[in-house]
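J.: Got a predicted model here, sequence first, then my questions.
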Amino acid sequence: MYNKDMSAWSIAYSNLTSVGVLAFILGFLASRVKGNLKLPESSYQFISIYLLFGIGLKGGYSLKSVGLGEFLKPALTTLVSGVLVATLAFFSLGLIKKLSVIDRGSIAAHYGSTSLVTFSAALLFMESNGIFVEGYAPALLTLIEIPGLIVGIFLASSRGVANDVHWAAILKEVIFGKTVLILVGATLIGFLTTSSGYEKVAPLFIELLSGFLALFLLHLGYSAGANFKEVRSVGWPLGIFAIVFPITSGLLGTTIATATGFSIGGATVFGVLCASASYIAAPAAVSIALPKANLGLALTASVGVTFPFNLILGIPLYYSAARFLTELF
């Protein structure tokens, strides 16, 4: 269920005044005035693992109530969407003449993959507003990671620029890298554990999730502010792409999800999956597959532009679109 009386402004205001978004803004402003709110590397790694495990655990436990037939269609939709988004990103980047084929493939892999933190923020936004989201949504996060990364790398290598790609090493990094491995493992644990086993760890991994996410967003806000000069140095064409493409792919994902039968909350979260860009899993895989790629371009676009846009404006935008499309269909 959702509140039909929520206007576009109230949705945006609710998101803008959430603790996570405000923490991100605080971190950004602190970096601009030379204040140091950056988390230590060890804390950053700990919180990223915590978020991955908590999201996976919650999703796996929710899958207990979902039948295979109910999950199959959304899963196939997610795999196809991952391929589609990465392909669209690659060919859209062809409009930026200064980008090499390798860099186009690198950036496409980042945008074909997804952002755990943006996804987490979207889930918490839905929960805080009492909006239903399908229990299998975290499992879709894992599924969309793999095809997007592989397609971006393949499109770069298939054009004769990076023919020395070692696919065995890439697949190993994608499948057994930290992001996918923890998400899959935690999802299986959540699915296999008993209700009593889940309830014992829920106070740590579920109830505290929003607090740890706020700390992570504080760190990312600081990083975005510290890299603000790099965003400007990359040039306006890539900056425009980093805003226009997420809007396009997010609305496309929302439309596909609504047509497939997702709820309003589920379609919103799916739109976020399609709109966000990875900055955890993708850099590791791309650095192995495309060592000559300029990772700074992809990270500047994904963290410096796309992430804050989705966090502040994108989530309410995709939610408004999901509401409109649901009434339309």
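T.: Now that the structure is in, tell me what you want to look at. These figures come from a predicted structure and were not determined experimentally.

J.: what bits of the stretch 151-300 of the chain have low per-residue confidence?
T.: Along the stretch 151-300 of the chain, segments meeting pLDDT under 70 span 159-167, 170-171, 173-174, 227-228, 230-234.

J.: can you do 90?
T.: 151-184, 187, 206-207, 209-210, 213-214, 216-237, 278-300 (pLDDT under 90).

J.: can you give me the helices in it?
T.: For the stretch 151-300 of the chain, the helices defined by DSSP state H, counting those that start in this stretch occupy 167-176, 178-192, 195-205, 209-226, 228-234, 236-260, 264-275, 281-289, 295-299.

J.: which residues touch the second one?
T.: This means helix 178-192. Helix 178-192 is contacted from outside by 48-49, 52-64, 116, 138-139, 141-142, 145-146, 174-175, 198, 278, 280-281, 284, using Cβ atoms under 8 Å, 6 or more residues apart in numbering. In short, each C-beta sits where N, CA and C put it, glycine included.

J.: which of those are buried?
T.: 48, 52-63, 116, 138-139, 141-142, 145-146, 174, 198, 278, 280-281, 284 (16 or more other Cβ atoms under 10 Å).

J.: on that earlier part again, winner for burial among the helices of the stretch 151-300 of the chain?
T.: Counting by mean count of other Cβ atoms under 10 Å, helix 264-275 has the highest mean neighbour count of these, with a mean of 29.

J.: same for it, what does it pack against?
T.: helix 68-92, helix 116-128, helix 137-157, helix 236-260, helix 315-328 (3 or more Cβ pairs under 8 Å, 6 or more residues apart in numbering; DSSP states H and E).

J.: 10 Å instead, please
T.: Helix 264-275 sits against helix 68-92, helix 101-112, helix 116-128, helix 137-157, helix 236-260, helix 315-328, with contacts defined as 3 or more Cβ pairs under 10 Å, 6 or more residues apart in numbering; DSSP states H and E.

J.: Identify each buried residue in the last one, please.
T.: If I follow you right, that is helix 315-328. Those would be Ile315, Pro316, Leu317, Tyr318, Tyr319, Ser320, Ala321, Ala322, Arg323, Leu325, for helix 315-328 by 16+ other Cβ under 10 Å.

J.: now the third one
T.: Residues of helix 116-128 classed as buried under the neighbour-count rule (16+ other Cβ under 10 Å) are Leu116, Val117, Thr118, Phe119, Ser120, Ala121, Ala122, Leu123, Leu124, Phe125, Met126.

J.: ok, back up a step: can you tell me which of the buried residues of helix 315-328 is closest to Leu218?
T.: Each of those was scored against Leu218 by Cβ to Cβ, and Ile315 proved nearest at 18.0 Å.

J.: what's the spacing between the residue nearest to Lys292 when sequence neighbours are not counted and Ile146?
T.: Ranked by Cβ to Cβ, 6 or more residues apart in numbering and with sequence neighbours excluded, the top spatial neighbour of Lys292 is Ile102, at 5.5 Å. For Ile102, the distance to Ile146 equals 21 Å [Cβ to Cβ, to the nearest Å].
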